[in-house]
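> Return atomic coordinates for the entry below.
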Amino acid sequence: MDGYLKAIAYEEVAHMINQWYKLIKRHQVEDSISMRDKILQTLDKTEQNQNLLLYFNLLDSRHKMLLESFQLSEEILNKIQKNPEVKGTDDMLQYYFLFFSGQFEFSKKNYIEAINYYKLAEDKLLKIPDDIEKAEFHYHVAISYYHIDQHFFSMDHAEKALATFREHDDYSHRTINSEMILGANKLDLFRFEEANHHYEHALEIAKATNNHYTEGLAYRNLGIAYMRRNMLSLAEDCFRKGLQIEEYEPTLYGLRTIYNLTHVLYKTDRIDEARKWCEKGIARAEKAGEEEYLAKLSLVYSLYDQFHTDTITVSIDYLSAAGLWNDVSELTLEVGLYFKKAGDTENAAKYFLESIQARDQILKITEDLK
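Sure thing, here's the model as predicted:
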């Protein structure tokens, strides 16, 4: 009888972990935290099983990413990687390890490494009969390809993700995300009206489903689209609306929106207000360890507020070292235009050349894909 109860407990915990993963994928933060606590309590009363513990730890690493606790996620994944029993586990557990490792590398902006993990995970995914999991996979691959400017690969995966997610009302946030990835790709391809259509559709769904976090994301992306078209007033309005959403403003994407708003305010010569947002953004970036946005905020402050060539150089050097070539190309072009307007043709030419060289790096980046 005791063995029977333990077997029931094992099945119960496995079911709870499956439900936990659904909450994580749906971005239901509070429910995910609560379910984790329940699982831990049940695990204490269950006979230890290595595969079950491994399954829990894998999803715990993904849970930590949901909470933006990336260092804790890394610690869990490192422990799992050192476990020699991992390679002998079933395809599902190996898939999760590779897939979550890719997501962690993405969180560190190591987009090539993320894609290489996803390629390894894809072989295991073929043996998992779960349409939502496949859609989740395609979504994450799409955003990684987008960040290395492989737009057609990205759109192919985003369309596959969208086709599944839009059939499931409980994954409306992923429908929104997939629409926004398609919008971002089309924006980069100068298909402006199509991009706006995707963003506006994403915003419409977010509002209809009270999905406040993704509503904030949609406002930010729509703002970026307007900013790229130099429609700065509309861009500012979108960034402000995003930052008014309390579920969105404290997150890492909220910080990134603070940078976007700061940038617009500086470009429209509202220096005092821009400085206040910049100071807030820098404090948040330092606390979160967001070196990328610390560099970007420092750059726009040094360009438009207290001009400092060395800080501009340091910021661009950091973004270059991080392989953020699209940002380097856009920002060096902006610096070049600043110098051109000031009549400094030598420095203008220098930064225009750097912008061109950054675009060349984007074309070369796929050589690192295995």
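
> Can you list the low-confidence ranges for the stretch 51-200 of the chain?
Applying pLDDT under 70 to the stretch 51-200 of the chain flags the ranges 84-88.

> any chance you could map the helices in it?
Along the stretch 51-200 of the chain, counting by DSSP state H, counting those that start in this stretch, helices occupy 70-81, 91-107, 111-125, 131-147, 151-165, 172-188, 192-208.

> and the closest residue to Tyr96 other than its chain neighbours, what does it touch?
Excluding the flanking residues, the one nearest Tyr96 by CB to CB, 6 or more residues apart in numbering is Leu58, at 4.5 Å. The C-beta positions use only the backbone N, C-alpha and C, and glycine is treated the same way. Leu58 is in contact with 76, 80, 93, 96-97, 100, counting by CB atoms under 8 Å, 6 or more residues apart in numbering.

> same thing but at 7 Å, please
80, 93, 96-97, 100 (CB atoms under 7 Å, 6 or more residues apart in numbering).

> Tell me the one of the residues you listed nearest Lys134?
Tyr96 (13.6 Å; CB to CB).

> Tally up the residues packed near that closest one, please.
Counted by other CB atoms under 10 Å, the residues lying close to Tyr96 total 24.

> what's around Thr209, how many residues?
16.

> now do Asp310
Under the neighbour criterion other CB under 10 Å, Asp310 is assigned a count of 8.

> Phi, psi for it please.
Torsion angles at Asp310 (phi, psi; degrees, to the nearest 10) stand at phi -60, psi -40.

> What's the separation between it and Ile271?
From Asp310 across to Ile271, the span is 21 Å (CB to CB, to the nearest Å).

> Report the mean confidence score over stretch 323-335.
Regarding stretch 323-335, the rounded mean pLDDT is 92.

> Flag every buried residue along that stretch.
323-329, 331-335 (16 or more other CB atoms under 10 Å).

> The residues you listed into JSON lines, with extra columns for distance to Leu40 and secondary structure?
JSON lines is the format used below for the buried residues of stretch 323-335 (distance: CB to CB, whole Å; DSSP: H, G, I helix; E, B strand; the rest coil):
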{"residue": "Gly323", "distance to Leu40": "38", "secondary structure": "coil"}
{"residue": "Leu324", "distance to Leu40": "38", "secondary structure": "coil"}
{"residue": "Trp325", "distance to Leu40": "43", "secondary structure": "helix"}
{"residue": "Asn326", "distance to Leu40": "42", "secondary structure": "helix"}
{"residue": "Asp327", "distance to Leu40": "41", "secondary structure": "helix"}
{"residue": "Val328", "distance to Leu40": "44", "secondary structure": "helix"}
{"residue": "Ser329", "distance to Leu40": "47", "secondary structure": "helix"}
{"residue": "Leu331", "distance to Leu40": "45", "secondary structure": "helix"}
{"residue": "Thr332", "distance to Leu40": "50", "secondary structure": "helix"}
{"residue": "Leu333", "distance to Leu40": "51", "secondary structure": "helix"}
{"residue": "Glu334", "distance to Leu40": "50", "secondary structure": "helix"}
{"residue": "Val335", "distance to Leu40": "51", "secondary structure": "helix"}
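
> Cool, thanks, signing off.
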